[in-house]
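Novice: just to be clear, the model below is a prediction. Sequence and coordinates:
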Amino acid sequence: MANKSNVAFFWALFSAGGVVSAFLLPVHVFLFGLAFPLGWIASPSHESLLALLQSPVTRIYLLVLCVLSLFHWAHRFRYTLYDGAQMKHLNEVIVVLTYGGATLGSVVAIYLLLNVG
Amino acid sequence: MTERSAYTEFRPKWYRARVSTYWWLSQWSYTKFILRELSSVFVGYFIVITLLQVRALTLGASSYAELQLWLGNPLVILLNTVGFLFLLLHTITWFNLTPRAIVLRLGGKRVPDILIIAPNYVAWVVISGVLAWVIVGS
């Protein structure tokens, strides 16, 4: 797993996830994490957000955002553990936890987005 | 290198200075680098939050109200504020690095960095505006 031959593949996912999360995530977090809970902007109702979520466009959008961002996290965090915390000797464990975690998260995302109903 | 080099009198062991686990605190540019890399933790965290929202919306109005209550908890607001700042760090550092990845030449001259960076910010504002309009107006 994660030998030299697939570094380019994971780097491409990291890079695509970096672009997607840089452009899209801040506004999501600003609205749902700050503006709505703090009452700066009136929060949309459950029905209207569910209706928005039921649209195939929204679900494909969220799937792309989630999968690519998760692999962005996995790749970058893997190397943060190597460089920052000098944990290169735990290579195998870290590879399984990061890419494995991103894969698991992607499967959960697919399941949740297929079952919106 | 398949063979492990032997340690002999004429081939001494490599000297490797011990580097502290906190090496990145010694200089601001190193700290900035680690903070930038750590932004990925919040990218992952906010994806988990997004998926929890999808789940709560699907489960029904009471589940969604419960999640909203949790999101309003002062400690969660604090965590999300810190996370939001890390996201901004990620966005800004990502955009500012684009001239390293994209080298454009026009008429034999390299296009200045600012002309490659600026469109990212413009697109970011437009995209954020459209998303906010769709979400808030839904």
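Specialist: Cool, got the structure. Treat the numbers as computed from the prediction; the structure is a model and nothing was measured.
Novice: now the helices: where do they sit in chain A?
Specialist: Using DSSP state H, the helices found in chain A span residues A:7-29, A:46-54, A:56-83, A:91-114.
Novice: and the spatially closest residue to residue B:70 that is not a sequence neighbour, what element?
Specialist: Of all residues not flanking residue B:70 in the chain, residue B:76 sits nearest, at 6.1 Å (C-beta to C-beta, 6 or more residues apart in numbering or on different chains). Yep, even glycine has a C-beta here, placed from its N, CA and C like the rest. In this assignment (DSSP states H and E), residue B:76 forms part of helix B:74-101.
Novice: may I see the buried residues of that helix?
Specialist: By neighbour count on 16 or more other C-beta atoms under 10 Å in any protein chain shown, the buried set for helix B:74-101 is B:80, B:83-84, B:86-95, B:99.
Novice: likewise for stretch A:48-60?
Specialist: Buried residues in stretch A:48-60, counted by 16+ other C-beta under 10 Å: A:49, A:50, A:52, A:53, A:58, A:59.
Novice: can you pull the contacts of residue 102?
Specialist: Looking at chain A here, since you left the chain open. A:67, A:70, A:71, A:73, A:74 (C-beta atoms under 8 Å, 6 or more residues apart in numbering or on different chains).
Novice: oops, chain B please
Specialist: Taking C-beta under 8 Å, 6+ apart, one finds residue B:116 in contact with residue B:102.
Novice: same question for stretch B:37-57, mean pLDDT?
Specialist: Mean pLDDT, computed over stretch B:37-57, is 97.
Novice: would you put the C-alpha positions of that stretch in PDB?
Specialist: Extracted C-alpha coordinates of stretch B:37-57, given in PDB (Å, rounded to 0.1, in the frame of the first residue of the first chain):
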ATOM      1  CA  GLU B  37      -0.800  21.400   7.300                       C
ATOM      2  CA  LEU B  38      -3.000  21.000  10.400                       C
ATOM      3  CA  SER B  39      -5.800  22.900   8.600                       C
ATOM      4  CA  SER B  40      -6.500  19.500   6.900                       C
ATOM      5  CA  VAL B  41      -7.800  18.200  10.300                       C
ATOM      6  CA  PHE B  42     -10.500  20.800  10.200                       C
ATOM      7  CA  VAL B  43     -11.300  20.000   6.600                       C
ATOM      8  CA  GLY B  44     -12.000  16.400   7.700                       C
ATOM      9  CA  TYR B  45     -13.900  17.600  10.800                       C
ATOM     10  CA  PHE B  46     -16.200  19.800   8.800                       C
ATOM     11  CA  ILE B  47     -16.900  17.000   6.400                       C
ATOM     12  CA  VAL B  48     -18.000  14.800   9.400                       C
ATOM     13  CA  ILE B  49     -20.300  17.700  10.500                       C
ATOM     14  CA  THR B  50     -21.700  18.000   7.000                       C
ATOM     15  CA  LEU B  51     -22.500  14.300   6.900                       C
ATOM     16  CA  LEU B  52     -24.100  14.500  10.400                       C
ATOM     17  CA  GLN B  53     -26.300  17.200   9.000                       C
ATOM     18  CA  VAL B  54     -27.300  15.100   6.000                       C
ATOM     19  CA  ARG B  55     -28.100  12.200   8.400                       C
ATOM     20  CA  ALA B  56     -30.100  14.500  10.700                       C
ATOM     21  CA  LEU B  57     -32.100  16.100   7.800                       C
END
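Novice: no further queries at this time; thank you.
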